[in-house]
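**Student:** sequence and predicted model, in that order:
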Amino acid sequence: MTRLALDDVTLTYPDGDRTLVALDRVSLRVDAGEIRAVTGPSGSGKSSLLAVAGLLQRPDSGAVRLDGEELTGRSRWEDTRARRERIGFVFQQANLLGSLTSLEQLEMAARVAGNHGAETDARCRALLDAVGLEGETARRPHQLSGGQRQRVAIARALINAPALLLVDEPTSALDSARSREIVTLLARMTHEQQVATVLVTHDLDTLDLVDSRTTLADGRLLAPKA
Ligand SMILES: Nc1ncnc2c1ncn2[C@@H]1O[C@H](COP(=O)(O)OP(=O)(O)OP(=O)(O)O)[C@@H](O)[C@H]1O
């Protein structure tokens with residue numbers, strides 16, 4: 001089932017008296033339960049693609065659809081709500097709150113989306129178990145390794161059962177063994193949670209672990225591959 005659809009998306013930035021085309025009529029589909037890598041040289045438009053899919057940037061033209069529903073052209077408030085309730089983000093740095101334990105990081109993200117109570121508590125613990133942190137629920141970020149912090153960030157991004165998971169270079173601060181572990185985990189969580197995952201990466205050594213790959217060059221889709 002198609003989860004995320006980008007249809008003919010163009011995004012430009014003003015660049016002095018010219019216009020820089022960051023995304024040039026890009027179309028892309030990602031299914032529920034599919035992890036798709038987006039690769040391409042620096043400046044090719046990978047972050048722009050994530051920003052459009054995550055409703056952080058409005059395209060000049062084209063559409064973003066989630067589960068068939070068009071999300072382009074709605075109010076800022078609706079964008080914010082969709083981001084909070086239907087989209088999970090994982091960035092280069094885990095961006096955890098320094099004073100909170102692993103369990104509290106997830107509880108807080110759940111609360112922001114209006115989820116709390118015994119069922120939410122159970123889901124927080126189950127997700128921390130699923131990412132291999134059952135023994136670290138009471139630890140704070142400074143007591144965790146870089147890889148463990150990214151695991152907390154992945155569990156946190158999934159806490160509200162998003163339809164879409166957007167991941168930007170999650171392994172750039174990790175060594176190659178840890179990087180493979182994190183991408184393996186992202187693939188497993190994508191399949192288990194039936195989320196559609198877009199993984200922006202420079203790390204060509206982990207591409208065997210994902211389901212599909214899209215390459216961008218100068219804002220254009222180069223090699224869509226099923
Ligand atoms: N806010 C902005 N204002 C103007 N130009 C921008 C802005 N953000 C990105 N660009 C330009 O748009 C193009 C695409 O940038 P983008 O960050 O999407 O590429 P990228 O593939 O993610 O690069 P990297 O791998 O270096 O992160 C580049 O030419 C970049 O300079």
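**Tutor:** Sure thing, it's come through.

**Student:** just the pLDDT for residue 202.
**Tutor:** At residue 202, the pLDDT value in this model is 89.

**Student:** over to it: give its phi and psi.
**Tutor:** Backbone torsions for residue 202, taken as degrees, to the nearest 10, come to phi -100, psi -10.

**Student:** shouldn't it be in contact with residue 168?
**Tutor:** No - with contact defined as Cβ atoms under 8 Å, residue 202 does not count as touching residue 168 (10.7 Å). Heads up, the C-betas are built off the backbone N, CA and C, glycines and all.

**Student:** and these two? Which one has more around it.
**Tutor:** Using other Cβ atoms under 10 Å, the more surrounded residue of residue 202 and residue 168 is residue 168, with 20 against 13.

**Student:** hey, what's the more buried one bridged with?
**Tutor:** When bridges are called by DSSP bridges, residue 168 pairs up with residue 200.

**Student:** list the contacts of it.
**Tutor:** Applying Cβ atoms under 8 Å, 6 or more residues apart in numbering to residue 168 gives the contacts 46, 47, 50, 89, 90, 91, 92, 200.

**Student:** just residue 161 next, same as before
**Tutor:** Applying Cβ under 8 Å, 6+ apart, the residues near residue 161 are 193, 195.

**Student:** for residue 192, grab the count of nearby residues.
**Tutor:** Neighbour number of residue 192 under other Cβ under 10 Å is 11.

**Student:** look up how far the ligand lies from it.
**Tutor:** Here residue 192 is placed at a distance of 28 Å from the ligand (Cβ to the nearest ligand atom, to the nearest Å).

**Student:** pretty sure that residue sits against residue 130.
**Tutor:** Yes - the pair residue 192 / residue 130 is scored as a contact, 7.0 Å apart, by Cβ under 8 Å.

**Student:** from the contacts of residue 168, pick the one nearest residue 82.
**Tutor:** Nearest to residue 82, judged by Cβ to Cβ, of the contacts of residue 168 is residue 89 at 12.3 Å.

**Student:** ok so the closest one is a strand residue?
**Tutor:** Yes - checked against DSSP: H, G, I helix; E, B strand; the rest coil, residue 89 lies within a strand.

**Student:** coming back round to it: now, of the contacts of residue 168, which are buried?
**Tutor:** Neighbour counting by 16 or more other Cβ atoms under 10 Å classes 46, 47, 50, 89, 90, 91, 200 among these as buried.

**Student:** quick check: closest non-adjacent residue to the fourth one.
**Tutor:** Nearest in space to residue 89, with sequence neighbours left out and distances taken as Cβ to Cβ, 6 or more residues apart in numbering, is residue 166 at 5.3 Å.

**Student:** swap in the third one?
**Tutor:** Counting by Cβ to Cβ, 6+ apart, residue 166 is the residue found nearest to residue 50 once chain neighbours are left out, at 5.1 Å.
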